[in-house]
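Visitor: Could you look at this predicted model? Sequence included:
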Amino acid sequence: MTLRRAVEWCGGIDAVGDALNVDGESLKKWISGEEEVPQPVFVQAVGLILEAAATKSPRGRTPDSNDSGRKERPH
């Protein structure tokens, strides 16, 4: 899921492959679950997602599990 999110948020397979210094075929195998993601690649992918999240506009964000999708605070 982490790599899939990185691909969604960071410009596609090629962009993520370049950022992680891995080839697209390896990324596809890891995303599909065919092969296990090496821990260093996973950690780098998390960093890419955090960086992308920090630069995205908060208007377009989806609710996370902490706010239960609520738009108003409960009374």
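Guide: Perfect, I can see it now.
Visitor: What is the burial count for the residue lying closest to L20 once chain neighbours are set aside?
Guide: Leaving aside its chain neighbours, L20 sits nearest to Q44 (5.2 Å; criterion: C-beta to C-beta, 6 or more residues apart in numbering). For every residue, glycine as well, the C-beta is placed using N, CA and C. Per other C-beta atoms under 10 Å, the neighbour tally for Q44 reads 17.
Visitor: likewise the one 3 residues further on?
Guide: With neighbours defined by other C-beta under 10 Å, the count for G47 comes to 13.
Visitor: before we move on, what about E8?
Guide: E8 has 12 nearby residues by other C-beta under 10 Å.
Visitor: any idea which element it lies in?
Guide: E8 is located in helix 2-9, with elements delineated by DSSP states H and E.
Visitor: elements contacting the next helix or strand after that helix?
Guide: With elements assigned by DSSP H and E, the helix or strand that comes after helix 2-9 is helix 13-20. Where contact means 3 or more C-beta pairs under 8 Å, 6 or more residues apart in numbering; DSSP states H and E, helix 13-20 is packed against helix 2-9, helix 24-32, helix 39-55.
Visitor: Show me what the first one is packed up against.
Guide: Under the contact criterion of 3+ C-beta pairs under 8 Å, 6+ apart, helix 2-9 touches helix 13-20, helix 24-32, helix 39-55.
Visitor: Let me know the angle separating the helix holding E8 from helix 13-20.
Guide: 120 degrees (axes from the mean of the first three to the mean of the last three C-alpha atoms, to 10 degrees).
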